[in-house]
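# Compute the structure for the input listed below.
(2 chains)
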Amino acid sequence: MISNFRFVSGKIFWINVKKFLVLFGIAFFIFLLDFGPFFTGLKCLFQGLFNPIYGHIYQINQSFLSQTFSSKEAKSYFLENQKLQTELSRCQGEAVSLQQVFDENKQLRHLLTMPLPSDLSFNDSMVIGNQGDCLIINKGVRDGVEEKQLVLVDNYLVGQVEKVLEKQAKILRVDSIRFSTPVLIFKDDPNCVSQNQLCRQGKGVTHGTKVEQILREEPVAEGNLIALLDGPKGVLVGRVIKVNESSDKVFLEAKFEPLVDFNKLTAVFLVR
Amino acid sequence: MKIFLPKRLFLQRSILGVLLVLSVLIQGVLTAFPFSLILLVIISYFLEEQIFSYAFVLGLFLDFLLGGHLGVQAMIFLGISFLTLAVKKKILGKEGEKLRLPYD
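Numbers count the residues shown, from 1 in each chain, chains lettered A, B, ... in the order given. I've put the predicted structure just below:
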């Protein structure tokens, strides 16, 4: 009885197995080769040829689907859905745009309330990038930006324009090792003027986050404020955090920290 | 009759080939439903061993269209067509080669 279940011929290979095996082998070989980079070019070529066709077929498919709904009700729902999706995307775009304007307005209002030197005029600009010791702003030659212009936020010095492109400019940060400017060092005491004391503690030249060439007899101390010497008055560069002797024992050196958080900067002013 | 038979066969096979190519295009572009595989099984019945070449070429074409790993669809198509042919021969083949059932 059991023997009746066997295949009588004992072979199913009278099908053209040789042809099958050859083709299967080739397919398997291609499968293995595709783990390497052998067919990448061919695939790219194929995709380059077929992508436009895909686009056309997709469009035709969409219009076909929209036109061949069996019931009118379903078709109207489909069209309404499409219309609502378009409206939704438009509203989302508008909402984002309003948020953007609101944020910008808030930032500029905040900046305008800060004590910027009143005798200077400014160009506002947005920070669009951070590149090593430089910031990238969205104003360039066509907005009248020039090299060596000072860049402020509130009354703090951010840096100096280093390179100007057509629509962008590169700002060299004040804490950069390549930035150097003469500075004055003052006491951080608002009563200093009223007490008829000498508020200036010393002067020097910044080099990175150090003020160098401070005379030894000058009473520079931790917490003193550093202001720009060569430029508009009242522009602060940083705060002294450590004072020590220079390596040649001739001068003092003061290490300072910038008063600006460069990572959080979104808007700056260019001194005209 | 001798003249018209090859032409008819040629026409028949061309139509089947075009149908297969269309099904592969539909599967590759419009839907994930395996139209081409179903059609391949049906056409295997008519084309017999010649289906292997079609299965190989169309499988590769579908691999390119789907952007997947090359050779996978070709192997699947070849395997399915081989199985279809084997089953066909065993069920509908010559009397001596059929599967003998207990009630025969």
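
# what's around the residue in chain B that chain A sits nearest to, how many residues?
Closest residue of chain B to chain A, Cβ to the nearest Cβ: B:G71 (3.1 Å). (Glycine included, C-beta is placed from N, CA and C.) Look at B:G71: counted by other Cβ atoms under 10 Å in any protein chain shown, it has 23 neighbours.

# Same check on B:Q12?
Neighbours of B:Q12 under the rule other Cβ under 10 Å: 12.

# For the residue of chain B closest to chain A, which non-adjacent residue is spatially closest?
Using Cβ to Cβ, 6 or more residues apart in numbering or on different chains and skipping the chain neighbours, the partner closest in space to B:G71 is A:F31 (3.1 Å).

# Help me confirm that the one you found is found in a strand?
No - membership of A:F31 in a strand is not supported by DSSP: H, G, I helix; E, B strand; the rest coil, which gives helix.

# end to end, how far does stretch A:224-233 reach?
16 Å (Cα to Cα, to the nearest Å).

# any idea of the mean pLDDT for it?
For stretch A:224-233, mean pLDDT rounds to 83.

# Residue 16 - how many residues pack around it?
In the absence of a named chain, this looks at chain A. Here the count is done by other Cβ under 10 Å, and A:N16 has 15 residues near it.

# hmm, I had chain B in mind actually
Neighbour tally, B:L16, other Cβ under 10 Å: 18.

# Which residue, other than its chain neighbours, is closest to it?
B:I43 (5.1 Å).

# list the contacts for the one you found?
B:16, B:19-20, B:51, B:54 (Cβ atoms under 8 Å, 6 or more residues apart in numbering or on different chains).

# pretty sure the residue of chain B closest to chain A is in contact with B:F61, am I right?
No - between B:G71 and B:F61 there is no contact, the gap being 12.0 Å when judged by Cβ atoms under 8 Å.

# Hmm, the residue nearest to B:G71 is touching B:Q73, no?
No - the criterion here is Cβ under 8 Å, and A:F31 misses it with B:Q73 at 10.0 Å.

# who's more crowded, these two?
Legend: neighbour count by other Cβ under 10 Å for A:F31 and B:Q73, higher for B:Q73 (28 against 16).

# list the helices and strands the helix or strand that contains that one packs on?
Element membership of B:Q73 [criterion: DSSP states H and E] is helix B:72-92. If contacts are counted by 3 or more Cβ pairs under 8 Å, 6 or more residues apart in numbering or on different chains; DSSP states H and E, helix B:72-92 sits against helix A:17-33, helix B:35-47, helix B:51-66.

# Let me see the domain layout of chain A.
Annotated domains of chain A cover A:122-175+A:264-271, A:182-261 [automatic domain parsing].

# Who are the contact partners of the residue of chain B closest to chain A?
Residues in contact with B:G71 (Cβ under 8 Å, 6+ apart) are A:27-32, A:34, B:59-60, B:63.

# Contacts only, for the residue nearest the centre of chain B.
With distances taken as Cα atoms, centre = their mean, the residue of chain B nearest its centroid is B:L40 (3.2 Å). Residues counted as contacts of B:L40 (Cβ under 8 Å, 6+ apart) are B:20, B:51, B:54-55, B:58, B:77, B:80-81, B:84.

# run the last query once more with 10 Å
B:20, B:23-24, B:34, B:47, B:51, B:54-55, B:58-59, B:76-78, B:80-81, B:84 (Cβ atoms under 10 Å, 6 or more residues apart in numbering or on different chains).

# which two in those residues are spaced the farthest apart?
B:P34 and B:L47 (18.6 Å; Cβ to Cβ).

# Which one's more surrounded, those two?
The neighbour comparison of B:P34 against B:L47 (other Cβ under 10 Å) goes to B:L47, with 20 against 16.

# so who does the more buried one touch?
Residues counted as contacts of B:L47 (Cβ under 10 Å, 6+ apart) are B:12-13, B:16-17, B:20, B:40, B:53-55, B:81, B:85.

# can you do 6 Å?
Counting by Cβ atoms under 6 Å, 6 or more residues apart in numbering or on different chains, B:L47 touches no other residue.

# Give me the angle between the longest helix that chain B contains and helix B:72-92.
Taking DSSP state H as the criterion, chain B has its longest helix at helix B:4-29. Going by axes from the mean of the first three to the mean of the last three Cα atoms, to 10 degrees, helix B:4-29 is angled at 130 degrees with respect to helix B:72-92.

# Who are the packing partners of helix B:4-29?
Contacts defined by 3 or more Cβ pairs under 6 Å, 6 or more residues apart in numbering or on different chains; DSSP states H and E place helix B:4-29 against helix B:35-47, helix B:51-66.

# returning to what we had before: B:V72 versus the residue nearest to B:G71, what's the distance?
6 Å (Cβ to Cβ, to the nearest Å).

# per-residue confidence at the closest residue to chain B within chain A?
In chain A, the residue found nearest to chain B is A:F31; the distance is 3.1 Å by Cβ to the nearest Cβ. The model reports A:F31 with a pLDDT of 91.

# same check, this time on the one 4 residues further on
pLDDT for A:F35: 87.

# What's the local residue count around it?
10.

# OK, contacts around it?
A:F35 touches nothing, counting by Cβ under 6 Å, 6+ apart.

# hang on, it is in a strand, isn't it?
No - A:F35 is assigned coil when assessed by three-state DSSP, not a strand.

# Tell me the spacing between it and A:F29.
A:F35 is 11 Å from A:F29, by Cβ to Cβ.
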